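[1] Could you work out the structure for the sequence below:
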Amino acid sequence: MAELSAPERQMIVQWCMSAQFFSEQTLQETISRIYDDEAPALQDTVDAVNLRLTRYSLELRSSMSQTSGERMWALINTKADAIATGATPYSPTLLTILKHLIEQVYTDQHGNFAVDLHTAVREATSKGSTSYSRRDAQEAIDWFCSDGWLQVTNGWVVLGQRSCIELQAYLTDGFAEYMRTCALCKEMATQGVMCDACGAFIHPYCAGRLSETSKAQMLSCPTCHQLMESPSSFGPGRPGIRHNLVKSDVSQTQRDEDDE
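    As a prediction, this is how the structure comes out:
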């Protein structure tokens, strides 16, 4: 196994800073190309790179697709405002719109972490200047989607994987009462099913894995081990599971101040 020498490590860091947001497969291919197919294990590479990046308040982090299981990676700033730092190509108006849409999606009253596209366009238009048109709003949403911040699924706007990676701390700190975590993989859950017996949440992809490993091909809760025959579901276009909100005084006060 090759050692992670300084020149090779620097090449990986530079590539990550240029790419910003990329699939695990692309990252592995890049590492193999740099090491001439004698690359160290992916996690060893990530750990070594992150050790170097700590002094710059940067870190490589990843998130798994909740539906396909594909893992995506991003180079994030661990201290600065995640939205402002990660979305540097955007104008102040676009940053305001992006932040508003992310918060609208994440705090969806139905607990689906989704907003229909028509509503998203209307909300985006309302945050623009007086001359900001619906066409401008649609183009902004398309841009956010192409950059991985948002995603449109069957007419619903949901969080993109980039948001799940780069904005997890922002969402956890400011909207803790809306946070859901998959009981199997322990990552953020914005769609999936809920065990009606114990309230555990499970991603669609993770639920599929659990069913495949069961002899009867049935889904059992990884927390309480009860059979989940007709579990409640949430996500774009789903019935939804409303949040049992226990609002943090600090986070709520801060949001109220931001809205003023």
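[2] is it true that Cys206 touches Val193?
    No - counting by C-beta atoms under 8 Å, Cys206 does not reach Val193; the two are 9.5 Å apart. For the C-beta atoms, the positions are set from N, CA and C on the backbone; glycine is no exception.
[3] Val193 versus the spatially closest residue to Thr223 that is not a sequence neighbour, what's the distance?
    Taking C-beta to C-beta, 6 or more residues apart in numbering, and ignoring the residues beside it in sequence, Thr223 has Ala200 as its nearest neighbour in space, at 4.0 Å. Ala200 sits 9 Å away from Val193, going by C-beta to C-beta, to the nearest Å.
[4] Equivalent analysis for Leu171, please.
    Going from Leu171 to Val193 by C-beta to C-beta gives 21 Å.
[5] need the contact list for the residue nearest the centre of the chain.
    Nearest to the mean C-alpha position of the chain, by C-alpha atoms, centre = their mean, lies Cys164 at 1.4 Å. For Cys164, the contact set (C-beta atoms under 8 Å, 6 or more residues apart in numbering) comprises Ser63, Glu187, Met188, Thr190.
[6] what would the residues you listed look like in a markdown table with secondary structure and distance to Met11?
    Output for the contacts of Cys164, formatted as a markdown table (DSSP: H, G, I helix; E, B strand; the rest coil; distance: C-beta to C-beta, whole Å):
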| residue | secondary structure | distance to Met11 |
| --- | --- | --- |
| Ser63 | strand | 24 |
| Glu187 | coil | 29 |
| Met188 | strand | 31 |
| Thr190 | coil | 34 |
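[7] Can you tell me which of the residues you listed has the most neighbours?
    Thr190 (26 neighbours; other C-beta atoms under 10 Å).
[8] Okay, now the unreliable bits of the stretch 101-250 of the chain?
    215, 245-250 (pLDDT under 70).
[9] Mind jotting down where the strands sit in it?
    Using DSSP state E, counting those that start in this stretch, the strands of the stretch 101-250 of the chain run over 115-116, 150-153, 156-159, 192-194, 201-202, 232-234.
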